[in-house]
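Enquirer: Here is a sequence together with a model predicted from it:
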Amino acid sequence: MNDPDHGQRPSVSGGQATGGPARPKRSRRRKGKAKRAQGPSGGSLSPGNDSSHSGLETRPQSVTKDGDAVRKRKRRRRGKGGGQANTPAPAEAGSPAPAVSERSGQGHSSRPPHHQRGLQGRPLKSSERPPEVVGPSLKSVPSSIARQPVPPTAGRNGGQPSTVSGTRGEPNDTSLYAALDLGTNNCRLLIAQPTRPGQFRVVDAFSRIVRLGEGLAASGRLSDEAMDRSVEALKICAGKLKSRNIRRSRLIATEACRRAENGEAFLNRVRSETGLELEIINRETEARLAVSGCSSLVGREAKSVVLFDIGGGSSEIAVIRIGENRSSRLANHITHWTSLPVGVVTLSERHGGRDVTPESFAAMVREVEAMLADFDCAAHGAHAPEDFHLIGTSGTVTTLAGVHLDLPRYDRRQVDGVWLSDAEVTAMQARLLSWDFSARAANPCIGPDRADLVLAGCAILEAIRNRWPSTRMRVADRGLREGLLTDMMADDGVWRRGRHRRPNRGQSGRSEGREK
């Protein structure tokens with residue numbers, strides 16, 4: 001028998017060597033107190049042995065060498081992840097995580113090995129991650145797929161956020177209103193929910209350049225290509241409207257359908273292919289809707305305003321004078337209005353919008369000024385010039401604001417409501433006039449779709465500024481759709497009913513905070 005004092009290495013607790021029986025794993029505290037040890041033949045050591053080795057197992061030299069080899073193999077397996085025997089079984093959906101299995105064929109303790117103790121020991125390796133526990137109604141997915149990032153939603157949508165069905169804060173469908181504007185150049189849709197008095201929250205939006213009035217000035221008819229583009233855009237709008245329970249909607253068509261010989265025939269085709277009923281509105285209604293859509297941008301200090309909407313086939317201008325008693329509907333303060341039969345599409349087709357020279361630009365300005373000469377109306381009246389300003393709502397003025405702000409891409413939140421001085425507007429128009437077509441198309445706030453139209457819009461704007469000089473102009477990224485929504489909600493009294501249920505001051509403050 002080997003003397004235990006010869007420095008033989010004791011066996012690892014819970015390990016098994018050849019020829020030795022399996023021993024239960026003992027805690028470190030009990031090692032020093034254990035009195036029983038096993039010799040090479042299975043007998044107990046005599047109590048006269050050194051107490052420093054009490055409770056430690058000894059093995060013959062040959063057995064110890066084999067045990068060392070076994071322990072080395074175990075260490076190598078642990079360094080590689082512990083092998084398949086130590087990998088915990090995956091958890092079933094909705095079930096608690098299973099206990100870590102015992103070492104294969106060794107020991108009786110349920111305590112996990114040291115390399116699998118997670119936060120109690122060293123960090124787990126990637127192959128030793130504990131199984132993920134998922135809810136009872138979900139299925140397990142591979143961790144590689146579960147860790148993939150979710151791509152952000154794309155799409156401009158007029159800069160308005162969309163509400164996904166089934167999420168927190170989803171609006172009640174019975175309170176949704178929809179407005180569609182099919183113009184000479186654009187097809188636009190807004191779906192919104194009323195919030196605080198005079199305001200609403202956009203739920204869904206759609207906008208696409210269709211150029212319905214392309215070639216209309218020369219032929220007097222809507223071309224087949226332009227009608228096909230418009231019908232495809234209207235099909236998308238019809239799908240959005242059918243997917244929601246809209247309380248009330250209004251769908252309008254403007255100058256292109258008003259002037260075209262086949263305008264009514266086109267609307268019949270729209271009805272048969274999309275199911276949408278569009279109405280052709282007159283110019284006065286169009287001017288009033290533009291004012292209603294921009295009413296929130298007219299401050300209390302303003303006494304008179306000239307609001308203009310530069311469209312694709314026509315331009316509406318409204319003179320607003322506000323007295324002491326301001327109505328909740330700004331359109332009630334319109335004193336004069338006019339509609340010019342010229343827009344960015346028609347003007348650019350007559351004078352050329354792709355290659356614009358200073359001479360051709362001046363010719364466009366003179367043409368619009370001649371149309372305005374018949375409109376005899378002074379904007380200031382009895383008010384001082386500082387109480388008067390311009391409001392522009394069109395792609396022309398929003399483009400100027402985006403270029404002025406040097407935006408990397410168009411952002412409605414930064415453009416809508418911004419103020420431009422008279423000098424800044426002049427500088428922006430001169431800057432655009434100095435660019436060729438490719439430079440205008442490369443600008444992120446213009447793009448190739450508007451590169452041949454923006455200078456025609458600037459010519460109309462220049463004629464309006466010459467007719468009504470002002471020290472400042474406010475930019476509005478809003479128009480007919482917002483006016484339609486505002487009028488429908490006001491007619492239904494949704495904001496008036498809300499005043500009767502006004503909460504207390506604390507609740508009101510919290511509500512306004514959430515709304516903002």
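Expert: Cool, the structure landed.
Enquirer: what's next to the helix or strand containing Asp181, contact-wise?
Expert: Assigned by DSSP states H and E, Asp181 belongs to strand 177-182. Strand 177-182 is contacted by residues 187-194, 200, 210, 212, 230, 234, 237, 241, 244, 246-254, 256-257, 276, 278, 479-482, 484-485, 488-489 when judged by Cβ atoms under 8 Å, 6 or more residues apart in numbering. C-beta coordinates here come from the backbone N, C-alpha and C atoms, glycine included.
Enquirer: Going by neighbour count, which of those are buried?
Expert: Among these, those buried by neighbour count (16 or more other Cβ atoms under 10 Å) are 187-194, 200, 210, 212, 230, 234, 237, 241, 246-247, 249-254, 256-257, 276, 278, 479-482, 484-485, 488-489.
Enquirer: Narrow those residues to those in strands?
Expert: Among the buried ones among the contacts of strand 177-182, the subset assigned to strands under DSSP state E consists of 187-194, 200, 249-253.
Enquirer: how far away is Gly239 from Arg258?
Expert: In this view, Gly239 and Arg258 are 27 Å apart by Cβ to Cβ, to the nearest Å.
Enquirer: Over to Ser328?
Expert: Ser328 is 30 Å from Arg258, where distance means Cβ to Cβ.
Enquirer: Equivalent analysis for Thr335, please.
Expert: From Thr335 across to Arg258, the span is 24 Å (Cβ to Cβ).
Enquirer: mean confidence for stretch 426-438?
Expert: Here stretch 426-438 scores 95 as its mean pLDDT.
Enquirer: quick one: contacts of it?
Expert: Residues contacting stretch 426-438 (Cβ under 8 Å, 6+ apart): 354-356, 358, 361, 400, 403-404, 420, 440, 443, 451-452, 454-455, 458, 461-462.
Enquirer: Swap in 7 Å and give it another go.
Expert: Taking contacts as Cβ atoms under 7 Å, 6 or more residues apart in numbering, the residues outside stretch 426-438 that touch it are 354-356, 358, 361, 400, 403-404, 440, 451-452, 454-455, 458, 462.
Enquirer: if we can go back for a sec, so between Gly239 and Arg258, which is more surrounded?
Expert: The neighbour comparison of Gly239 against Arg258 (other Cβ atoms under 10 Å) goes to Arg258, with 18 against 11.
Enquirer: CA atoms only for the host helix or strand of Glu232, dumped as PDB, please.
Expert: Using DSSP H and E, the secondary-structure element containing Glu232 is helix 224-242. Taking Å, rounded to 0.1, in the frame of the first residue of the first chain, the C-alpha atoms of helix 224-242 are listed here in PDB:
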ATOM      1  CA  ASP A 224     -54.400  58.000 -71.900                       C
ATOM      2  CA  GLU A 225     -51.000  57.700 -70.100                       C
ATOM      3  CA  ALA A 226     -51.900  60.400 -67.600                       C
ATOM      4  CA  MET A 227     -55.200  58.700 -66.800                       C
ATOM      5  CA  ASP A 228     -53.600  55.300 -66.400                       C
ATOM      6  CA  ARG A 229     -51.100  56.700 -63.900                       C
ATOM      7  CA  SER A 230     -53.900  58.400 -62.000                       C
ATOM      8  CA  VAL A 231     -56.000  55.300 -61.900                       C
ATOM      9  CA  GLU A 232     -53.100  53.200 -60.500                       C
ATOM     10  CA  ALA A 233     -52.600  55.700 -57.700                       C
ATOM     11  CA  LEU A 234     -56.300  55.800 -56.900                       C
ATOM     12  CA  LYS A 235     -56.400  52.100 -56.600                       C
ATOM     13  CA  ILE A 236     -53.900  52.300 -53.800                       C
ATOM     14  CA  CYS A 237     -56.000  55.000 -52.100                       C
ATOM     15  CA  ALA A 238     -59.100  52.800 -52.500                       C
ATOM     16  CA  GLY A 239     -57.300  49.900 -50.800                       C
ATOM     17  CA  LYS A 240     -56.400  52.100 -47.800                       C
ATOM     18  CA  LEU A 241     -59.900  53.400 -47.500                       C
ATOM     19  CA  LYS A 242     -61.500  49.900 -47.600                       C
END
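Enquirer: okay, now Arg229: neighbour count?
Expert: Look at Arg229: counted by other Cβ under 10 Å, it has 18 neighbours.
Enquirer: average pLDDT across stretch 454-474?
Expert: On average, stretch 454-474 scores 95.
Enquirer: Sort out which of the contacts of stretch 426-438 are buried, if you could.
Expert: Among the contacts of stretch 426-438, the ones that count as buried (16+ other Cβ under 10 Å) are 356, 361, 400, 403-404, 440, 451-452, 454-455, 458, 462.
Enquirer: Out of the residues you listed, the closest to Ser348 would be?
Expert: Closest approach between these and Ser348, by Cβ to Cβ: Asp452, at 5.8 Å.
Enquirer: hang on, the earlier thing: state the pair within the buried ones among the contacts of stretch 426-438 that is farthest apart.
Expert: His404 and Asp452 (20.7 Å).
Enquirer: helix, strand or coil for Cys445?
Expert: The local conformation at Cys445, judged by DSSP: H, G, I helix; E, B strand; the rest coil, is coil.
Enquirer: which stretches of the stretch 401-516 of the chain form helices?
Expert: Here the stretch 401-516 of the chain has its helices, by DSSP state H, counting those that start in this stretch, at 412-415, 422-434, 437-442, 454-467, 480-492, 494-500, 505-515.
Enquirer: what does the fourth one contact?
Expert: With contact meaning Cβ under 7 Å, 6+ apart, helix 454-467 is reached by 308, 310, 315, 317, 342, 344, 347-348, 353, 356, 361, 364-365, 368-369, 372, 392, 394-397, 399, 429, 432-433, 440, 446.
Enquirer: Select only the buried ones of these in ChimeraX?
Expert: Buried members of these can be picked out in ChimeraX with the line below, counting by 16+ other Cβ under 10 Å:
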select :308,310,315,317,342,344,347,348,353,356,361,364,365,368,369,372,392,394,395,396,397,399,429,432,440,446
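Enquirer: Which ones among the contacts of helix 454-467 lie within helices?
Expert: Judged by DSSP state H, these include 344, 347-348, 361, 364-365, 368-369, 372, 395-397, 399, 429, 432-433, 440 as members of helices.
Enquirer: Make a markdown table from the ones in strands among the buried ones among the contacts of strand 177-182 and add distance to Ala265 to it.
Expert: Shown next, in a markdown table, are these (distance: Cβ to Cβ, whole Å):
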| residue | distance to Ala265 |
| --- | --- |
| Cys187 | 18 |
| Arg188 | 23 |
| Leu189 | 23 |
| Leu190 | 27 |
| Ile191 | 28 |
| Ala192 | 32 |
| Gln193 | 36 |
| Pro194 | 36 |
| Phe200 | 35 |
| Ser249 | 23 |
| Arg250 | 22 |
| Leu251 | 17 |
| Ile252 | 18 |
| Ala253 | 13 |
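Enquirer: thinking again about what came up before, which member of the contacts of stretch 426-438 is positioned nearest Arg496?
Expert: Among the contacts of stretch 426-438, Leu400 lies closest to Arg496 (Cβ to Cβ), at 37.5 Å.
Enquirer: who touches that closest one in this structure?
Expert: Each residue near Leu400 by Cβ under 7 Å, 6+ apart is listed here: 425, 428.
Enquirer: how close does it get to Leu234?
Expert: 29 Å.
Enquirer: I'd like to know which helix or strand in the chain has the lowest mean pLDDT.
Expert: helix 143-146 (a mean of 34; mean pLDDT, DSSP states H and E).
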